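Colleague: One predicted model, sequence on top.
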Amino acid sequence: MSRNLVAENWRLERSRYLLVGNKCTECEKYYFPNVQICTDCNISKLDEYVFSGKGKLIEWTKIYEVAKGFELFAPLYYGIIELEEGVRVAAQITEVTDDTKLIPGIKTQMVFRKLFEDGSQGVLTYGFKAEPQI
Amino acid sequence: MIAGYGHTKFGDLGRVTSRELVVAATIEALEMTNLNRNQIDSIYLGMLSPDIFEHQMHAAPGIPDYLGLNHTPSTRIEAACASGGLSVLHGIMAVASGFHDVVLSVGAEKMTNLPTSHTTEALAMCADDIYEVASGITFPGAFAMMARAHEHKYGTNAEMRASVAVKNHKHALDNELAQFRKELTIEKAMNSLMIADPLTLYDCSPITDGAAAVIIVPWEDRADYEGIRVKVKSFSQASDTMSLHDRNDLTGFMTTKVAARKAFDRASLQPKDIDFLEVHDCFTIAEIMAIEDMGFFEKGKGGQVTLDGETARDGHLPVNASGGLKAKGHPIGATGVSQIVEVAKQLSGNAESRQLNDVQYGMTQNLGGSGSTIVCHILERGD
């Protein structure tokens, strides 16, 4: 399917490139991606917040049959990460040398990497991946 | 109540369009009843993506058009893999409200037009596009993480997962409309191609063409209708976050728990009252989680009970006697309707060589995305 990645990456630049979300001014709950309403206290006063990228591994898999655009990374490691602020995100896991060390609970750090290619002539999309801190 | 049903062969059906499949299933459903097609008040079409698979948006009016029913209202319902179940639910609500008397709920998908990579991409669009798809998730990948979490917490291993596939393939031997009618062994399933660790090829449901249809009419007016009498006891729907990672528990679906509970409450029934299930086994682990989350087995025991044969056709709670998505096939929009058709067949004594004995209540669970939509129905054998 065609997608306008120039516009998409521009629109999502703050979250996709910089890990910007927000935080409720009342209950201090963190959100990523950013939200308009705090679901806990139903207010719409939230401040922008830049996540540190520090987190821990919740669960992972190794995807052999990758989606279109991700052939370069196949087979790829993919995981769910809980950031230290308590928010969960999904990301590819990068720099894996020994997957027996990918044990849920290990520390991870988000790093900036190429996410996928839109064909040989298309836009490159960048974003965050999780690097295990072993 | 369900007065009639129709169901095409599931599989790679080659030179056929989804419209033709819908018409074939609909005519079969009408022929079970004393209704002619002009008596259909409204149509609910469950279809994931006629736009991507067949380059056709606005597919709903094409159905009355091809049925020769111009001016009959027709609405397409899209809820990922739960599109079919939701089209039945809306058909039931339209009849239950008293607004319509005769409703056609029909689901279809023509998936084999495209190369597999395109189909996989289209299906992946049912996940959160911005944060899941763009980071490289696939549905096998999402369910693989759930399988790992279930294994870590409850010890549900590859053999237990494979036993779901083996059972459903065995069931499909008795379903002539099923896509795969060949026996499978635990060894073959476990040693097949790795798709997303730990899920192998035989943990995954296939790409399928097909359609299924039901005719829904008011139970109070049952004397006016010929055909089968299968009563709709209850229906329910629940939603959850688009993204899997936004949920705390990866070993099941809160949506399944909520929807099943609502369905039981509305029917004034409990799990022990249900005689058999058709659940959404898009992946083997999904069936294991479904039978736990619906309340039929203790959490964590779904794999072991499947391996022990408790959910086989001759077990105490038959699950997916039709062959399930795994072996019957998974034409996305048709799947939820096909589940209702199977339950209606069983409850009306029309399931032929796979007929279950002495069944009164059957229940369905139809899942969309990574459990972001769940639709449940409980049906009862009529008089």
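Modeller: Great, that's in hand.
Colleague: How many neighbouring residues does residue B:332 have?
Modeller: Neighbour count for residue B:332, taken as other C-beta atoms under 10 Å in any protein chain shown: 32. C-beta here means a position set from N, CA and C on the backbone, and glycine is covered the same way.
Colleague: residues touching residue B:239, list them.
Modeller: Contacts for residue B:239 were tallied using C-beta atoms under 8 Å, 6 or more residues apart in numbering or on different chains; they are B:255, B:372, B:373.
Colleague: will you turn those residues into TSV that also has distance to chain A?
Modeller: TSV is the format used below for the contacts of residue B:239 (distance: C-beta to the nearest C-beta, whole Å):
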residue	distance to chain A
B:255	17
B:372	14
B:373	19
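Colleague: Pick the one among those residues closest to residue B:28.
Modeller: Residue B:28 has its nearest neighbour among the contacts of residue B:239 in residue B:373, at 27.5 Å by C-beta to C-beta.
Colleague: Correct me if wrong: the closest one contacts residue B:280.
Modeller: No. With contacts defined as C-beta atoms under 8 Å, residue B:373 does not count as touching residue B:280, sitting 10.6 Å away.
Colleague: Look at those two and report which has more neighbours.
Modeller: Summary of the neighbour comparison: residue B:373 and residue B:280, criterion other C-beta under 10 Å, with residue B:280 having more neighbours (30 against 22).
Colleague: Pull the contacting residues for the more buried one.
Modeller: By C-beta under 8 Å, 6+ apart, the residues touching residue B:280 are B:81, B:82, B:286, B:287, B:290, B:325, B:335, B:339, B:365, B:366, B:367.
Colleague: so what's it scoring on pLDDT?
Modeller: At residue B:280 the predicted local distance difference test score is 98.
Colleague: how near is it to chain A?
Modeller: Between residue B:280 and chain A the computed distance is 20 Å (C-beta to the nearest C-beta, to the nearest Å).
Colleague: re earlier: determine the residues that are contacts of both of residue B:373 and residue B:280.
Modeller: B:82, B:367.
Colleague: Find the residue at the geometric middle of the chain.
Modeller: Picked chain A for this. Nearest residue to the geometric centre of chain A (C-alpha atoms, centre = their mean): residue A:91, 4.5 Å.
Colleague: hm, I was asking about chain B
Modeller: Relative to the centre of chain B - C-alpha atoms, centre = their mean - the closest residue is residue B:336, sitting 3.2 Å away.
Colleague: Please read off the pLDDT at that one from the model.
Modeller: Among the per-residue scores, residue B:336 holds a pLDDT of 98.
Colleague: swap in residue B:118?
Modeller: Among the per-residue scores, residue B:118 holds a pLDDT of 84.
Colleague: what about the host helix or strand of it, distance to the chain center?
Modeller: In this structure, residue B:118 is located in helix B:116-124 according to DSSP states H and E. Its chain's average C-alpha position is 19 Å from that of helix B:116-124, according to C-alpha atoms, centre = their mean, to the nearest Å.
Colleague: Give me the contacts around whichever helix or strand comes after that helix.
Modeller: On the C-terminal side of helix B:116-124, the closest following helix or strand by DSSP H and E is helix B:139-154. Contact partners of helix B:139-154, identified using C-beta under 8 Å, 6+ apart, comprise A:59-61, A:63, A:65, A:78-80, A:104, B:123-124, B:126-127, B:132, B:156-157, B:161, B:195-199, B:203-204, B:244, B:250-251, B:282-286, B:288-289, B:299-301, B:303, B:370.
Colleague: hang on, isn't residue B:270 packed against residue B:264?
Modeller: Yes. Because the distance of 6.0 Å satisfies C-beta under 8 Å, residue B:270 is recorded as touching residue B:264.
Colleague: more crowded one of these two?
Modeller: Legend: neighbour count by other C-beta under 10 Å for residue B:270 and residue B:264, higher for residue B:264 (22 against 10).
Colleague: So for the helix or strand where that one lies, what gets flagged as buried?
Modeller: Taking DSSP H and E as the criterion, the element that holds residue B:264 is helix B:254-267. Buried residues in helix B:254-267, counted by 16 or more other C-beta atoms under 10 Å in any protein chain shown: B:254, B:255, B:256, B:257, B:258, B:259, B:260, B:261, B:262, B:263, B:264, B:267.
Colleague: cool, and stretch B:34-49?
Modeller: In terms of neighbour count (16+ other C-beta under 10 Å), stretch B:34-49 has its buried residues at B:35, B:37, B:40, B:42, B:43, B:44, B:45, B:46, B:47, B:48, B:49.
Colleague: same deal with stretch B:320-338?
Modeller: Using 16+ other C-beta under 10 Å, the residues of stretch B:320-338 that count as buried are B:320-338.
Colleague: helices or strands up against the strand or helix carrying residue B:326?
Modeller: Using DSSP H and E, residue B:326 sits in helix B:324-328. Other elements packing on helix B:324-328 under the criterion 3 or more C-beta pairs under 8 Å, 6 or more residues apart in numbering or on different chains; DSSP states H and E are helix B:158-172, helix B:284-293.
Colleague: Need the winner for burial among these.
Modeller: Highest mean neighbour count of the helices and strands packed on helix B:324-328: helix B:284-293, a mean of 28 (counted as mean count of other C-beta atoms under 10 Å in any protein chain shown).
Colleague: what's the angle between it and helix B:158-172?
Modeller: Comparing the axes of helix B:284-293 and helix B:158-172 via axes from the mean of the first three to the mean of the last three C-alpha atoms, to 10 degrees yields an angle of 90 degrees.
Colleague: Can I get helix B:284-293 as PDB, trimmed to CA atoms?
Modeller: Once side chains and other backbone atoms are set aside, the C-alpha atoms of helix B:284-293 remain, and they are given as PDB (Å, rounded to 0.1, in the frame of the first residue of the first chain):
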ATOM      1  CA  THR B 284      -2.600 -22.100  18.200                       C
ATOM      2  CA  ILE B 285      -1.800 -20.000  21.300                       C
ATOM      3  CA  ALA B 286      -4.900 -17.900  20.600                       C
ATOM      4  CA  GLU B 287      -7.200 -21.000  21.100                       C
ATOM      5  CA  ILE B 288      -5.400 -21.800  24.300                       C
ATOM      6  CA  MET B 289      -5.800 -18.300  25.700                       C
ATOM      7  CA  ALA B 290      -9.500 -18.200  24.500                       C
ATOM      8  CA  ILE B 291     -10.600 -21.300  26.300                       C
ATOM      9  CA  GLU B 292      -9.000 -20.000  29.500                       C
ATOM     10  CA  ASP B 293     -10.100 -16.400  29.200                       C
END
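Colleague: quick revisit: pull the CA atoms of the helix holding residue B:264 into CSV?
Modeller: Taking only C-alpha atoms (Å, rounded to 0.1, in the frame of the first residue of the first chain), the coordinates of helix B:254-267 have been written out as CSV:
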residue,chain,number,x,y,z
MET,B,254,-9.0,-8.9,28.8
THR,B,255,-11.4,-8.3,25.9
THR,B,256,-12.2,-12.0,25.8
LYS,B,257,-12.8,-12.1,29.5
VAL,B,258,-15.1,-9.0,29.4
ALA,B,259,-17.0,-10.1,26.3
ALA,B,260,-17.5,-13.7,27.6
ARG,B,261,-18.7,-12.5,30.9
LYS,B,262,-21.2,-10.1,29.3
ALA,B,263,-22.4,-12.9,27.0
PHE,B,264,-22.9,-15.3,30.0
ASP,B,265,-24.7,-12.7,32.1
ARG,B,266,-27.0,-11.6,29.3
ALA,B,267,-27.9,-15.3,28.7
